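Student: quick one, fold the following:
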Amino acid sequence: MNIYLQQHYSISGTIHTGDDEEYSFKLPFDGKCEIKVTDSQLKVNAVFSIKKVITDSELKEMSPHFKKMIANKLDHMRQNAFYLINLLKYSLNNDWITEELLRVSSNEISIDNLNWHVIPPKSMLQMGPSASPRELTKDTSVIVQNYIDDKIEPFVALKHLHRARQDDVPRHMWIEATIAAELAIKEFLIRLKPDMELILLELPSPHLGTLYGKVLEHYIGERYPKSNKLADGSTIRNKLIHRPKEANITYEKAVEYVQIVEDAIYFLLRKLYPMDPIINSGGIGMTPVRHLEQ
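Tutor: Model prediction:
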């Protein structure tokens, strides 16, 4: 018999339809899958066949095995929805669409394509990279004023680190974090040895593992303890850019890598400014938690 599924998504941003029409796209599925698009919503329709006859009452009290099968189908439909949004965003050059903020409004199931039952969403907590923000107080305001007087600017690397921390897409997080690690070591060496600026900016950079390993050891007598992790991270970043299908990065792995990069950057800052009370204060660790429903 046929089992019908529907997903309703809201889009963060706008698809410029031009004429307020609804457009349909057929996507791969083990049965049939169609996605209908309006300016701010997606509706995913899919149908697949099973050997067992399912009654209407069984849809309300789904067995664990049936739930697992439906969850697998819904995940496939979700991948199709994100694939289509990605395609519309970049093929139509529409940066008003934010593909990582495509949110499911509801999942529904039917055996006749007429009477629909809502599938309760699966809730989960998504833990983001931890951070240690410092408070603005009388003491820290004096230090910031000293930065101004001494014309000290934050590492540009920190901008990319913050982007990595705030993103939800593992690929984006990994690439931004690696950029942060590469910029940080260059900025560190230039401030430590200003006469190295031309070489560092004009010549190809050594591998991150070398920069945070042998190079740091030569100039400060100490390697960054996790330089091998940064070396691995740089290799994965290159795969993400040049061979994206070969690199499968989970969100949890990206979070761990972002935290290693943050630790590496503050390792450099502490070596550069050993007496700075803001840099050398640990702050209060905070881990952002996002509540997601799938």
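Student: shouldn't Thr140 be within a helix?
Tutor: Yes - counting by DSSP: H, G, I helix; E, B strand; the rest coil, Thr140 falls inside a helix.
Student: surely Lys52 forms part of a helix?
Tutor: No - assessed by three-state DSSP, Lys52 does not belong to a helix; its assignment is coil.
Student: quick one, phi psi at it?
Tutor: Dihedral pair for Lys52: phi -70, psi 140, per degrees, to the nearest 10.
Student: equivalent analysis for the one 4 residues further on, please.
Tutor: Backbone torsions of Asp56, given as degrees, to the nearest 10, read phi -60, psi -40.
Student: wait, it sits on Leu114?
Tutor: No - Asp56 is not in contact with Leu114 according to Cβ atoms under 8 Å; the separation is 11.0 Å. For every residue, glycine as well, the C-beta is placed using N, CA and C.
Student: more neighbours, these two?
Tutor: Asp56 (11 against 7; other Cβ atoms under 10 Å).
Student: Met62 versus the more buried one, what's the distance?
Tutor: Applying Cβ to Cβ, to the nearest Å, the value for Asp56 to Met62 is 12 Å.
Student: which one is Arg171 nearest to, not counting chain neighbours?
Tutor: Spatial nearest neighbour of Arg171, chain neighbours left out: Leu240 (5.6 Å); criterion: Cβ to Cβ, 6 or more residues apart in numbering.
Student: how many neighbours does the one you found have?
Tutor: 20.
Student: tell me who's in contact with it.
Tutor: 171, 174-175, 247, 249 (Cβ atoms under 8 Å, 6 or more residues apart in numbering).
Student: check which helix or strand covers it.
Tutor: helix 227-242 (DSSP states H and E).
Student: of the contacts of Leu240 - the most surrounded one?
Tutor: Neighbour max across the contacts of Leu240 (other Cβ under 10 Å) = Trp174, 25 neighbours.
Student: so that one makes contact with Glu256?
Tutor: No - shown here, Trp174 and Glu256 do not form a contact pair, counting by Cβ under 8 Å, at 10.5 Å.
Student: surely His76 meets Leu27?
Tutor: No - with contacts counted by Cβ under 8 Å, His76 stays clear of Leu27, the gap being 9.5 Å.
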